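K.L.:
any chance you can model this:
(chains A and B)
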Amino acid sequence: GEQVEQLPSILRVQEGSSASINCSYEDSASNYFPWYKQEPGENPKLIIDIRSNMERKQIQELIVLLDKKAKRFSLHITDTQPGDSAMYFCAAHSGGSNYKLTFGKGTLLTVTP
Amino acid sequence: SVLLYQKPNRDICQSGTSLKIQCVADSQVVSMFWYQQFQEQSLMLMATANEGSEATYESGFTKDKFPISRPNLTFSTLTVNNARPGDSSIYFCSSKVGNTGQLYFGEGSKLTVL
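P.N.:
Sure, this is the predicted structure:
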């Protein structure tokens, strides 16, 4: 099945700077790549996603890039704020009739004032 | 989006007992998915549950250990049988909206097995 690698596992940045999280996948049939933010004690929340027919998507301070050739995708948070501190998960969905999201291991982002 | 409500939000049980977790959606959904998350770790898909049919389990999860029911399009239950301390984790139900692929999670049920 699909495997998703996510790096780094821990990321610490200063408020106002950018944070980048990188993920790679194995199945070239994967066509949907969501990102989730999970705060302590909460459920994972979908923050942005990108489909395989796109290379770049931006929602406010969140930018997602997808390189299908390299089978890599990344999340960039510009102008980080302390409220961005959380665990972030990337995921990949292989096309096909059976819906299945495979998650990366997560990145713990801390934004310091 | 879809809202998913889980009950209980947390529970403590003794080894060898069984615990049932309920998930209710605020709208009809075709598939519900159950995920397991150990403390500060990733989300592992346990099984996919469609209405009126047997749940499909992922490798490492079995029907005997984690029976799942899906009696209608808004409800599902996950049972943890013969609970062990290694089953202590957070269990999330989830569902996707139409064909968007966007997956939404319930609030989670934190299980501690003593």
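
K.L.:
now for B:I90, how many residues are close by?
P.N.:
Using other Cβ atoms under 10 Å in any protein chain shown, B:I90 has 21 other residues around it. In this view, the C-beta of every residue, glycine as well, is placed from N, C-alpha and C.

K.L.:
just say helix, strand or coil for it.
P.N.:
Following DSSP: H, G, I helix; E, B strand; the rest coil, the label given to B:I90 is strand.

K.L.:
wait, what's in contact with the closest residue to A:T110 other than its chain neighbours?
P.N.:
The shortest distance from A:T110 to any non-neighbouring residue, by Cβ to Cβ, 6 or more residues apart in numbering or on different chains, is to A:R12 (4.7 Å). By Cβ atoms under 8 Å, 6 or more residues apart in numbering or on different chains, the contact set of A:R12 is A:109-112.

K.L.:
quick one: buried ones out of these?
P.N.:
A:109, A:111 (16 or more other Cβ atoms under 10 Å in any protein chain shown).

K.L.:
quick one: contacts for residue 85?
P.N.:
With no chain named, the answer covers chain A. By Cβ under 8 Å, 6+ apart, the contact list for A:S85 reads A:109-111.

K.L.:
you looked at the wrong chain, it should be chain B
P.N.:
Counting by Cβ under 8 Å, 6+ apart, B:P85 touches B:15, B:113-114.

K.L.:
model confidence for the residue positioned nearest the centre of chain B, exactly?
P.N.:
Chain B has B:W34 as the residue nearest its centroid, 3.5 Å off, counting by Cα atoms, centre = their mean. B:W34 is assigned 97 on the pLDDT scale.

K.L.:
hmm, back to that, gap between the residue nearest to A:T110 and chain B?
P.N.:
Applying Cβ to the nearest Cβ, to the nearest Å, the value for A:R12 to chain B is 16 Å.

K.L.:
which of the contacts of B:P85 fall within strands?
P.N.:
Counting by DSSP state E, those place B:V113 in strands.

K.L.:
show me the shaky parts of the chain.
P.N.:
All of this is about chain A. Applying pLDDT under 70 to chain A flags the ranges A:95-97.

K.L.:
near chain B, which residues of it?
P.N.:
Contact residues (Cβ under 8 Å from any Cβ of the partner chain) of chain A with chain B: A:32, A:34, A:42-46, A:49, A:51, A:87, A:89, A:91, A:93, A:98-106, A:108.

K.L.:
from those residues, which land in strands?
P.N.:
Short answer: those in strands (DSSP E) are A:32, A:34, A:45-46, A:49, A:51, A:87, A:89, A:91, A:93, A:101-103, A:108.

K.L.:
for B:R70, state which of these is nearest.
P.N.:
Of all these, A:L101 has the smallest distance to B:R70: 18.6 Å, by Cβ to Cβ.

K.L.:
and the closest one, bridged to which residues?
P.N.:
Here A:L101 shows beta-bridge partners A:H93, assigned using DSSP bridges.
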